[in-house]
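Asks: Provided below for reference: sequence and predicted model.
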Amino acid sequence: MLPPAFMGDPTLYAWVHDWLPVILMVALILLLWGMVRSMPRTRPSEIRPQETPPIAWEDIAGVDEAKAELREVVDYLRSPKRFARVGAQVPSGILLHGPPGTGKTLLAKAVAHESGATFFTQSASSFVEMFAGLGSARIRRLFRAARSHAPAIIFIDELDAVGATRTGGSGGDREHDQTLNQLLVEMDGFNARGAVVVIAASNLLEKLDPALLRPGRFDRQIFVSPPDVAGRERILRVHTRRKPVHEGVDFSLLARQTAGLTGADLANICNEAAINAVRRGEVVIETGDFDHALERVVAGMQSRRRMTERERRVVAYHESGHAICAWLLPSLDPVHRISIVPRGRALGYTLNLPAEDRYLRSREELIDMMTMLLAGRAAEQLVFGSVTNGATDDLMRVAEIAHSMIDEYAMGTEVRSLRLAGHPRSEASQRLYDAEVRELSDEAFRAASQMLERHRPQLEQLAAALLAKETLERAEIEAVMAGQPHARPDRRPGSHLGLAAARASFPADDGRQQPRN
Ligand code: ATP
């Protein structure tokens with residue numbers, strides 16, 4: 001039936017019937033067009049080079065191997081023709097990998113500075129775009145810009161953000177795969193068109209797509225390791241070059257006490273020491289400022305938290321337990337200081353002084369470490385007949401050591417030659433694994449308890465001294481352990497804290513922290 005409006009005019013009705021779909025379609029297209037036009041335009045921003053970074057070789061220390069390898073790249077960028085004449089190929093893709101803060105970015109900047117090449121830097125996370133194709137377009141523009149400014153360096157930080165193994169998935173994964181593919185395409189033989197070197201930094205070499213590491217791409221991989229003792233001393237000197245440091249400050253001692261710390265940590269310590277000197281109203285940085293800075297960087301800032309008397313007693317026994325076991329176990333670093341002054345999240349801490357850099361640990365030594373870590377809890381159990389959540393961090397570290405010992409080092413009672421990590425496990429081998437891990441930590445806990453029972457008088461004395469003074473230095477601990485009444489010793493001039501192996505216990509129970517054990 002016709003609608004009433006058309007009743008008298010069937011031609012109009014036929015016209016509308018024929019054209020209405022077309023009109024609606026055109027209106028829809030116009031609407032969509034208008035919407036697209038009104039959307040904010042994302043103009044591809046032009047990629048510009050950075051100013052030459054003011055970082056020279058002498059600003060970097062403790063990474064001599066990496067520097068030696070990169071010197072060749074500098075020579076090439078300075079005079080690519082010299083290399084081309086004899087047909088010598090310098091790697092055009094260099095991957096710097098290693099823990100955070102070891103100086104990877106610094107090295108890339110020094111290559112730019114020393115060679116005078118144009119410097120382009122991008123963090124790989126900036127390639128990871130939500131919209132399809134934008135990440136790969138940015139990579140294309142980056143390489144194009146670098147080629148037009150050759151000789152040039154492209155520094156890609158956090159390569160893992162784009163270099164992780166391709167998944168072949170959809171959506172975001174597909175965009176990631178496209179971006180990575182584009183990087184691979186650009187790297188393939190790009191150097192034939194100009195002296196451009198790509199330097200990338202990554203913390204996780206294992207996660208990178210193997211295609212990135214093939215010849216012609218990032219085929220030169222340089223491990224940038226945390227510095228050894230000599231390297232640490234040189235880094236400390238680099239970061240105090242322009243600071244007024246008292247001549248009594250012993251950098252070689254300081255370097256020995258910072259085993260395991262990176263260049264970034266050491267730079268931070270030098271800065272904190274300078275700030276502390278200013279706070280004291282002094283114009284020269286002294287040994288005490290470095291002590292303070294070390295303590296702050298490793299153990300955290302002194303907090304204003306107030307503990308109840310019972311909590312102070314628990315913490316005092318807990319820290320004394322750690323100190324006694326660390327003292328008695330010869331494979332461990334000597335205890336340098338114990339304290340029940342809250343710092344950061346910790347209500348107390350024990351500082352060990354590593355005598356040297358250690359790269360290998362025996363099974364017995366690892367069990368000793370677990371024994372020392374569990375000694376705080378063992379002391380609580382022995383003295384108070386119950387335990388608190390203060391051992392959370394200790395327990396986490398014990399679990400890490402015990403799992404690695406079975407999973408990675410095959411140091412169990414039964415698992416002695418088979419590395420389990422990374423292999424599928426049957427139910428039976430999982431049961432064996434769990435039992436082995438538990439046995440190791442139980443063994444360490446038993447050892448700690450027995451040791452403290454045998455040295456109960458020292459435990460009581462040390463805890464009492466700690467409650468009275470709040471912080472005990474090495475000589476005071478030594479005096480108690482030797483059974484002498486403790487006396488405050490004169491601190492040797494120039495002595496520093498040993499902090500690299502600091503362990504702090506008793507995370508603050510401020511309502512947010514739930515007991516994890
Ligand atoms: P990430 O992996 O977290 O990016 P990174 O290895 O790139 O870290 P850098 O950014 O190069 O580390 O280093 C941070 C800071 O630490 C530097 O600016 C410098 O002050 C200091 N530093 C690190 N390593 C060294 C070193 N080997 N020599 C001198 N200073 C260093």
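Replies: Looks like it came in fine.

Asks: switch to C-alpha atoms for all contacts and neighbour counts from now on
Replies: Fine.

Asks: that's a strand at Ala201, yeah?
Replies: Yes: according to DSSP: H, G, I helix; E, B strand; the rest coil, Ala201 belongs to a strand.

Asks: Help me confirm that it comes into contact with Gly93.
Replies: No: contact between Ala201 and Gly93 fails when scored by CA atoms under 8 Å: they sit 11.0 Å apart.

Asks: Which one's more surrounded, the two?
Replies: Ala201 (28 against 24; other CA atoms under 10 Å).

Asks: which ones are touching Phe223?
Replies: Ala66, Leu96, His97, Gly98 (CA atoms under 8 Å, 6 or more residues apart in numbering).

Asks: Ignore what I typed, I meant Ala316.
Replies: Ser339, Ile340, Gly348, Ala463, Ala464, Leu466, Leu467.

Asks: Quick one: which of those has the lowest pLDDT value?
Replies: pLDDT across the contacts of Ala316 is lowest for Gly348, at 81.

Asks: Who does it form a beta bridge with?
Replies: Per DSSP bridges, the residues bridged to Gly348 are Ser505.

Asks: Distance-wise, check it relative to Thr471.
Replies: 9 Å (CA to CA, to the nearest Å).

Asks: same check, this time on Pro151
Replies: Taking CA to CA, one finds Pro151 at 58 Å from Thr471.

Asks: Counting neighbours, go ahead and name the busier of the two.
Replies: Using other CA under 10 Å as the criterion, Pro151 and Thr471 rank with Pro151 on top: 22 against 18.

Asks: List the contacts of that one.
Replies: Leu77, Arg78, Ala117, Thr118, Gly194, Ala195, Val196 are the contacts of Pro151 under CA under 8 Å, 6+ apart.

Asks: Output the contacts of Phe223 as CSV; include the columns secondary structure and neighbour count.
Replies: Compiled in CSV, the contacts of Phe223 are given as follows (DSSP: H, G, I helix; E, B strand; the rest coil; neighbours: other CA atoms under 10 Å):
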residue, secondary structure, neighbour count
Ala66, helix, 18
Leu96, strand, 25
His97, strand, 21
Gly98, coil, 19
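
Asks: now the residues you listed in a markdown table, with pLDDT and distance to Ala448?
Replies: Below are the contacts of Phe223 laid out as a markdown table (pLDDT from 0 to 100; distance: CA to CA, whole Å):
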| residue | pLDDT | distance to Ala448 |
| --- | --- | --- |
| Ala66 | 89 | 43 |
| Leu96 | 92 | 42 |
| His97 | 90 | 39 |
| Gly98 | 88 | 35 |
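
Asks: ok so, going back, shared neighbours, Gly348 and Thr471?
Replies: Ile338, Ser339, Ile340, Val341.

Asks: hmm, back to that, pLDDT-wise, what's the bottom of the contacts of Pro151?
Replies: Ranking these by pLDDT, Gly194 lands last with 65.

Asks: Now the residue in the stretch 151-300 of the chain positioned nearest to the ligand: phi and psi?
Replies: Taking CA to the nearest ligand atom as the measure, the stretch 151-300 of the chain has Ala264 as its residue closest to the ligand, at 3.2 Å. Phi and psi for Ala264, reported as degrees, to the nearest 10, are phi -70, psi -40.

Asks: and if you look at Asp333?
Replies: phi -70, psi 140.

Asks: In this structure it contacts Asp357, no?
Replies: No: shown here, Asp333 and Asp357 do not form a contact pair, counting by CA under 8 Å, at 10.8 Å.

Asks: Between these two, which has more neighbouring residues?
Replies: Neighbours per residue, other CA under 10 Å: of Asp333 and Asp357, the larger number sits with Asp333, 18 against 14.

Asks: Ala117 and Arg217: what is the separation?
Replies: For Ala117, the distance to Arg217 - CA to CA - is 20 Å.

Asks: Make CSV from the shared contacts of Gly348 and Thr471 and add neighbour count and distance to the ligand to it.
Replies: Below are the shared contacts of Gly348 and Thr471 laid out as CSV (neighbours: other CA atoms under 10 Å; distance: CA to the nearest ligand atom, whole Å):
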residue, neighbour count, distance to the ligand
Ile338, 28, 29
Ser339, 23, 29
Ile340, 30, 31
Val341, 22, 29
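
Asks: which one of the residues you listed is nearest Glu272?
Replies: Of all the shared contacts of Gly348 and Thr471, Glu272 sits closest to Val341, with 19.7 Å by CA to CA.

Asks: May I have the phi/psi pair for that closest one?
Replies: Dihedral angles (degrees, to the nearest 10) for Val341: phi -90, psi 120.

Asks: can you pull the contacts of it?
Replies: So Val341 contacts Gln302, Leu347, Gly348, Glu470, Thr471 (CA under 8 Å, 6+ apart).

Asks: and the residue minimising distance to the centre of the chain, what are its phi and psi?
Replies: In the chain, the residue lying closest to the centroid (CA atoms, centre = their mean) is Pro100, at 4.5 Å. Per-residue torsions, Pro100: phi -60, psi 150 (degrees, to the nearest 10).

Asks: number of nearby residues for the closest residue to it other than its chain neighbours?
Replies: The shortest distance from Pro100 to any non-neighbouring residue, by CA to CA, 6 or more residues apart in numbering, is to Asn203 (6.5 Å). Counted with other CA under 10 Å, the neighbours of Asn203 add up to 20.

Asks: Equivalent analysis for Glu476, please.
Replies: 22.

Asks: Report the secondary structure element holding it.
Replies: Using DSSP states H and E, Glu476 maps to helix 474-481.

Asks: Does Gly62 touch Ala230 like I think?
Replies: Yes: taking contacts as CA under 8 Å, Gly62 lies within contact range of Ala230: 7.2 Å.

Asks: more neighbours, these two?
Replies: Legend: neighbour count by other CA under 10 Å for Gly62 and Ala230, higher for Gly62 (23 against 13).

Asks: what sits against the more buried one?
Replies: Pro227, Asp228, Ala230, Gly231, Arg232, Arg234, Ile235.

Asks: Now tabulate those residues in CSV and tack on distance to Leu420.
Replies: Shown next, in CSV, are those (distance: CA to CA, whole Å):
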residue, distance to Leu420
Pro227, 31
Asp228, 31
Ala230, 36
Gly231, 35
Arg232, 35
Arg234, 40
Ile235, 39
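
Asks: In helices, which of those appear?
Replies: Among the contacts of Gly62, the ones falling in helices (DSSP state H) are Ala230, Gly231, Arg232, Arg234, Ile235.

Asks: mind checking how far the second one is from Arg438?
Replies: Just to be clear, that refers to Gly231. Taking CA to CA, one finds Gly231 at 39 Å from Arg438.

Asks: Which one of these two is surrounded by more residues?
Replies: Comparing Gly231 with Arg438 by other CA under 10 Å, the one with more neighbours is Gly231, at 19 against 15.

Asks: Done for today, thanks.
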